[in-house]
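**Student:** With the input below, show me the fold.
(2 chains, ligands or ions: 2)
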Amino acid sequence: MLKIENVSKSFGALIAVNDVSFNLGDTGISGLIGPNGSGKTTLFHLITGFYKLDTGNIHFLDQRINGLPPHIISRKGIVRTFQQTRVLPFLSSLDNLITAAPNQLGENLLPLFFQPSKVALQETQNCEKAESILETLGLLKLKDSPAGDLSYGQQKLLEIGRVLMADPKLIILDEPTAGINPTLIRHLVTILENLRDQSIKIFLIEHNMPLVTELCDKIFVMDSGSLIFSGTPSEVQNNSRVIEAYLGRMADAADA
Amino acid sequence: MDYFYHILIICLIYSIFAQSLNLELGFTGLYNFGHIAFFGIGAYTSALLSLNGVPIPLAVVGAITLAGIAGALLAIPTLRLSGDYFGIATLVFAEMIHLIFLNERDITRGPMGLPNIPRPDWIGSGISSLPLFLAVTFFAATITFILLRRITNSPYGRSLKVIREDEFVAQALGKNTSLIKTKAIVVGSVLAGLAGVIWAHYITYISPADFTLQETILVLLCVVLGGKGTHPGPVVGAFVIIFFAEFIRFIPIPSEYVRFVAPLQGMVYGFILVIMMLKRPQGLISESRKFATTNA
Ligand SMILES: Nc1ncnc2c1ncn2[C@@H]1O[C@H](COP(=O)(O)OP(=O)(O)OP(=O)(O)O)[C@@H](O)[C@H]1O
Ligand SMILES: [Mg+2]
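**Tutor:** Numbers count the residues shown, from 1 in each chain, chains lettered A, B, ... in the order given. Ligands and ions are numbered 1, 2, ... in the order given. Alright, predicted model coming up:
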């Protein structure tokens, strides 16, 4: 599915991602963990084309995708959320979703004048699809509210709904549960597990260790820009290097 | 009554001009400070072509096509720039076009301008032509309104708003943001060109002094005052501003102060613009946050 080869990225003297290689293979849900500043978000920006790589290659479904602009990578099926939630605050929740529908005829100018009924039909279908996603997310009641009026947790869900609307093959989530309440987290877990059952692949960054071990089939660990370990949740939990680099520090942070 | 026709024609021309800017500024969030350039390109091209014997309908088509091409030429290099730099680039572009009008004397006659711009025979000239010219302008403004409503109440219009609110999100959702913005600028430029064409054939005399930053501020004010991102906003804004501009003409000013009036007028517009942005950024008519899905 997604193959990363010798990928590096520096900002001035800081090496944010240092010669990272791995292959997601057929894993349903993969997790990426690591301390703050270890380069996780940077790696996601590299995969989705928002940053250009310094070295290395990224392949998706046996096609090289590095060097492609973000919108092309998105159309190939890798659709992401952002660490800082980014809904479109002045658009309604429904429009936040519909806009993500792929191949909208009505996004071109000529069909608006020459195939208006086709455009309208597609819009109706997309609207129904968006409503059914909002329903699963429990946000249907809020479909006409501007997304900016939703609570933080609801905005995070809306962002995931938006990703689903895009018919993704691989979903990339940057800290999907950060700052949302336990009830919504459970809700999110159910949604993600359903997606896995529909064989949509998920790759997520997450600091909530119990959640990562519960949800992920495979975990990748980064520290200071390098990939230091990868394995199943139990392998990761029992690896001394990971515990030292990350879990220990997390525990310290949790105590503090 | 004739004077009233005259003001209505100017209002309608400005309403086309303001609506065209609204597509860029209101819907897409592109701060184009050089929009007058496209109005000027439309005016000069149609004037020059028709003065050189090209039939007026062809001159009009040529003028709005050239305005659209100029829009694409501006958009392609500058849209890579971030918001602030885009604004500056458009300002510079308008200044460049102004200098071309001023300095390419062999073509434009420089500061002397172009007099005697012809009108279609069926409209004619002089006072008696005013009602018919008003009807034609009204028709053009209505077409512009309908066209822009169709373009913006659509998935395309929604993608413009998505870009306006968060360009990164638009890209992450597979939108080719440069292409979408380029199209908005081309359509905006074509319609600004149309406004310029009508103006040139109405006034029948144009000179470089008609296409300056002052006019850009005036049209910005129409959009911002009326309500950016709405359909009636720029039209209402244009009527309010033009009537206001005509009204202050009638304030009796002692002749020795008349030379201060023009700069003062510019200051007043600038002042209103600043007040509006601070006190009522949404304008007279505010954009409904709920997006009406396609009513195509
Ligand atoms: N655009 C940038 N310019 C300069 N430095 C950057 C940039 N983006 C990230 N960095 C730096 O690169 C390093 C890795 O940052 P990154 O955001 O990838 O970490 P992270 O693992 O996602 O951390 P967190 O868990 O806090 O989100 C940090 O030191 C950060 O300051
Ligand atoms: Mg991060």
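
**Student:** Where does chain A get nearest to chain B, residue-wise?
**Tutor:** Residue of chain A nearest chain B, by Cβ to the nearest Cβ: A:Gly106 (3.4 Å). Using the backbone N, CA and C atoms, a C-beta is placed for each residue, glycine as well.

**Student:** Not counting sequence-adjacent ones, nearest residue to that residue?
**Tutor:** Counting by Cβ to Cβ, 6 or more residues apart in numbering or on different chains, A:Gly106 lies nearest to B:Pro155, which is 3.4 Å off, once chain neighbours are set aside.

**Student:** how many other residues sit next to residue 188?
**Tutor:** Looking at chain A here, since you left the chain open. 21 (other Cβ atoms under 10 Å in any protein chain shown).

**Student:** Hmm, no, I was thinking of chain B.
**Tutor:** 28.

**Student:** can the one helix or strand it maps to be found next to chain A?
**Tutor:** Element membership of B:Gly188 [criterion: DSSP states H and E] is helix B:177-203. Yes - Helix B:177-203 is in contact with chain A by Cβ under 8 Å from any Cβ of the partner chain, via B:Thr177, B:Ile180, B:Lys183, B:Val187.

**Student:** for the helix or strand encompassing B:Tyr5, packing partners?
**Tutor:** Using DSSP H and E, B:Tyr5 sits within helix B:2-22. When contacts are defined as 3 or more Cβ pairs under 8 Å, 6 or more residues apart in numbering or on different chains; DSSP states H and E, helix B:2-22 packs onto helix B:130-152, helix B:177-203, helix B:213-226, helix B:233-249.

**Student:** Give me the angle between the helix or strand that comes right after the last one and helix B:233-249.
**Tutor:** Later in the chain than helix B:233-249, the nearest helix or strand by DSSP H and E is helix B:258-279. Angle, helix B:258-279 to helix B:233-249, by axes from the mean of the first three to the mean of the last three Cα atoms, to 10 degrees: 150 degrees.

**Student:** in helix B:258-279, what's buried?
**Tutor:** The neighbour-count check on helix B:258-279 (16 or more other Cβ atoms under 10 Å in any protein chain shown) flags B:Tyr269, B:Ile272, B:Leu273, B:Met276 as buried.

**Student:** so how far is B:Glu287 from A:Leu91?
**Tutor:** With the distance defined as Cβ to Cβ, to the nearest Å, A:Leu91 ends up 11 Å from B:Glu287.

**Student:** Quick check: the residue lying closest to A:Glu159 once chain neighbours are set aside vs A:Ser21, distance?
**Tutor:** Once flanking residues are discounted, A:Glu159 sits nearest to A:Thr81: 4.6 Å by Cβ to Cβ, 6+ apart. In this view, A:Thr81 and A:Ser21 are 25 Å apart by Cβ to Cβ.

**Student:** Which one's more surrounded, the two?
**Tutor:** Set A:Thr81 next to A:Ser21 and count neighbours by other Cβ under 10 Å: A:Thr81 wins out with 24 against 12.

**Student:** OK, contacts around the more buried one?
**Tutor:** Going by Cβ atoms under 8 Å, 6 or more residues apart in numbering or on different chains, A:Thr81 touches A:Lys156, A:Glu159, A:Ile160, A:Arg162, A:Val163, A:Ile172, A:Leu173, A:Asp174, A:Pro176.

**Student:** Now the stretch 101-250 of chain B against ligand 2: closest residue?
**Tutor:** Closest to ligand 2 within the stretch 101-250 of chain B is B:Phe168: 14.9 Å, counting by Cβ to the ion.

**Student:** Surely that residue and A:Gln84 touch.
**Tutor:** No - with contact defined as Cβ atoms under 8 Å, B:Phe168 does not count as touching A:Gln84 (10.3 Å).

**Student:** Could you chop chain A up by domain?
**Tutor:** A:2-87+A:167-255, A:89-149 (automatic domain parsing).

**Student:** I'd like the average pLDDT over the first one.
**Tutor:** Here the mean pLDDT over domain A:2-87+A:167-255 is 89, rounded to a whole number.

**Student:** neighbours of the residue lying closest to A:Gly31 once chain neighbours are set aside, just the number please.
**Tutor:** Leaving out its chain neighbours, the residue that sits closest to A:Gly31 by Cβ to Cβ, 6+ apart is A:Cys216, at 3.7 Å. Using other Cβ under 10 Å, A:Cys216 is surrounded by 24 other residues.

**Student:** other SSEs contacting the lengthiest helix in chain A?
**Tutor:** Longest helix in chain A, counting residues (DSSP state H): helix A:116-137. When contacts are defined as 3+ Cβ pairs under 8 Å, 6+ apart, helix A:116-137 sits against helix A:93-98, helix A:109-114, helix A:152-165, helix A:182-197.

**Student:** let's see it at 7 Å
**Tutor:** helix A:93-98, helix A:109-114, helix A:152-165 (3 or more Cβ pairs under 7 Å, 6 or more residues apart in numbering or on different chains; DSSP states H and E).

**Student:** if you compare those helices, which one is most tucked away?
**Tutor:** helix A:93-98 (a mean of 28; mean count of other Cβ atoms under 10 Å in any protein chain shown).

**Student:** For that one, C-alpha coordinates in CSV please.
**Tutor:** C-alpha atoms of helix A:93-98 as CSV (Å, rounded to 0.1, in the frame of the first residue of the first chain):
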residue,chain,number,x,y,z
SER,A,93,-21.5,21.1,8.5
LEU,A,94,-23.2,19.6,5.5
ASP,A,95,-21.2,21.7,3.1
ASN,A,96,-18.0,20.8,4.9
LEU,A,97,-18.7,17.3,3.9
ILE,A,98,-20.2,17.7,0.4
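
**Student:** list the helices and strands it packs on?
**Tutor:** In terms of contacts (3+ Cβ pairs under 7 Å, 6+ apart), helix A:93-98 is packed against helix A:116-137, helix A:152-165.

**Student:** what about 8 Å?
**Tutor:** Using 3+ Cβ pairs under 8 Å, 6+ apart, helix A:93-98 sits against helix A:116-137, helix A:152-165, helix B:155-165.

**Student:** ok, back up a step: Serialize the residues of helix B:177-203 next to chain A to TSV and add fields for pLDDT.
**Tutor:** Putting the residues of helix B:177-203 next to chain A into TSV (pLDDT from 0 to 100) gives the following:
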residue	pLDDT
B:Thr177	93
B:Ile180	95
B:Lys183	95
B:Val187	97
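
**Student:** now, which of those residues sits nearest B:Gly110?
**Tutor:** Proximity of those to B:Gly110 (Cβ to Cβ) peaks at B:Val187, which lies at 31.3 Å.

**Student:** can you pull the contacts of that closest one?
**Tutor:** Contacts of B:Val187 (Cβ under 8 Å, 6+ apart): A:Leu109, B:Ser20, B:Leu23, B:Gly68, B:Ile151.

**Student:** Looking at those, which one is closest to ligand 2?
**Tutor:** For those, the nearest to ligand 2 is B:Leu23 (36.7 Å; Cβ to the ion).

**Student:** what about that closest one, distance to chain A?
**Tutor:** Using Cβ to the nearest Cβ, to the nearest Å, one obtains 12 Å as the distance from B:Leu23 to chain A.

**Student:** Which residue, other than its chain neighbours, is closest to that residue?
**Tutor:** The spatial neighbour of B:Leu23 that comes closest, neighbours along the chain excluded (Cβ to Cβ, 6+ apart), is B:Gly188 at 4.7 Å.

**Student:** which ones are touching the one you found?
**Tutor:** B:Ser20, B:Leu21, B:Leu23, B:Glu24, B:Asn32, B:His35, B:Phe38, B:Gly71.

**Student:** do that again at 6 Å, thanks
**Tutor:** B:Ser20, B:Leu23, B:Glu24 (Cβ atoms under 6 Å, 6 or more residues apart in numbering or on different chains).

**Student:** what helix or strand is the closest residue to ligand 1 within chain B on?
**Tutor:** Scanning chain B for the residue nearest ligand 1 gives B:Phe168, at 12.6 Å (criterion: Cβ to the nearest ligand atom). According to DSSP H and E, B:Phe168 maps onto helix B:167-172.
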